[in-house]
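Participant: what shape does this take:
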Amino acid sequence: MQVVTVKDAVAAVRCFLAAYTAQCQAIVEEPELRYSVLDDFPKNHVLKPVLKKAIKRSAKGEDFLRKSTLAKVADLSARPLKFKDDPAKFTCLAEELYKEVECSFRPYVSDEILDIVTRQGAGTGSLNMQRYYLLVGPKDIYSEEDLTLCHLIEAKQQRDAAPLYFFPDLSPGNRLNAAHLTVDCQRLMQRRPDLVLDEHYWNGAHYLVRSLHHANVDVDPEDVCFAEKAPGEELAEYAEACGRTLALAHSRGDRRSLRFEQAVVQHLPQAMEELIQSCLDYAEQQKTDCALLAELLNTLENTQKKPLY
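Facilitator: Modelled structure (predicted):
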């Protein structure tokens, strides 16, 4: 088993930026391309297995009843459906709170709310924010086909994006509450908006309300950074696909003109090396921060173990 090197990482960043620029150039030449998606990969592409998994987990896929987002969190044999008993991920709500959440979020869903739990330990920037999972669908399930009508809704408390602390006046749009801003951005950049995508103010906080896709597949770092041979090539493939995808999403952010794409094509190539260096500097900062955090946690643990006498 081999792992990518720093040289491979630099090459992958360059692939990402080059692909982003090339996709913007293609949209300048053919504006309708901004509505396209990456819906297939060559046979040996690092993302081909990921795509196959996603297709199988979709509502009509062969793994829907085992591997879909719905199947992973819900007891599909229960009538009506309910969340699985999983204390590590889910916490049941007290009866009064359950009724409050159900009443508050019911207008945002098209079917019955079958069950509600609090999601524990999820997220990165939103790790300590309140998050509810709503199991939504028809109350009466008569066949396995009816299960495809059920889906998962996430109601997640939002906080301001971290960069806004340093760039408070970057855009007037950033004065919108965080949930509203997220909804606006996703509606603009998504080719097909989520079944549920909205924001809600409740209990003194702004919540993002959105569908979670059946076909969700996680891609872990080791999936693209470790390989029997040529892991650098696989990382470059992944970076190139990400560059193209992000360019398409950003291009849909303003469909009135091609000014954004033209600016990218004009200026990004000149700034490429500076951006790569910034990425390397940030990676080193992350390593330093992680080492410091580990040291602080170790010190705290040792302090707590010491006797008080």
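Participant: how does this protein divide into domains?
Facilitator: Domain ranges of the chain: 2-47+219-295, 66-212, per automatic domain parsing.
Participant: from one end of the first one to the other, what's the distance?
Facilitator: The distance separating the two terminal residues of domain 2-47+219-295, taken as Cα to Cα, to the nearest Å, comes to 29 Å.
Participant: pLDDT of that domain, averaged?
Facilitator: Across domain 2-47+219-295, the average pLDDT comes to 96.
Participant: repeat that for the last one.
Facilitator: The predicted model assigns domain 66-212 a mean pLDDT of 93.
Participant: so how far is that domain from its chain's centroid?
Facilitator: 13 Å (Cα atoms, centre = their mean, to the nearest Å).
Participant: what's in contact with stretch 71-84?
Facilitator: Contact partners of stretch 71-84, identified using Cβ atoms under 8 Å, 6 or more residues apart in numbering, comprise 64-65, 70, 86, 89-90, 112, 114-115, 117, 133, 135, 137, 139-141, 147, 150, 152. Heads up, the C-betas are built off the backbone N, CA and C, glycines and all.
Participant: swap the cut-off to 6 Å and go again
Facilitator: Here stretch 71-84 makes contact (Cβ atoms under 6 Å, 6 or more residues apart in numbering) with Leu65, Phe90, Leu114, Asp115, Val117, Leu135, Lys139.
Participant: host element of the first one?
Facilitator: Looking back up the chat, that one is Leu65. helix 64-67 (DSSP states H and E).
Participant: can you check the fourth one too?
Facilitator: Taking DSSP H and E as the definition, Asp115 sits inside strand 112-119.
Participant: who does that strand pair up with?
Facilitator: strand 90-92 (antiparallel), strand 131-137 (antiparallel) (DSSP bridges).
Participant: helices and strands around the helix or strand just after the longest one, which ones?
Facilitator: What it means is strand 131-137. Using DSSP H and E, the helix or strand that follows strand 131-137 towards the C-terminus is helix 144-147. Of the remaining helices and strands, none touches helix 144-147 by 3 or more Cβ pairs under 6 Å, 6 or more residues apart in numbering; DSSP states H and E.
Participant: show the subsequent helix or strand relative to helix 144-147.
Facilitator: Going down the chain from helix 144-147, the next helix or strand is strand 151-157, by DSSP H and E.
Participant: quick one: which of the domains of the chain is nearest Glu301?
Facilitator: In terms of Cβ to Cβ, the element of the domains of the chain nearest to Glu301 is domain 2-47+219-295, at 10.5 Å.
Participant: for the strands paired with strand 112-119, which one ends up most surrounded?
Facilitator: Sort the strands paired with strand 112-119 by mean neighbour count, taking mean count of other Cβ atoms under 10 Å, and strand 131-137 sits at the top with a mean of 23.
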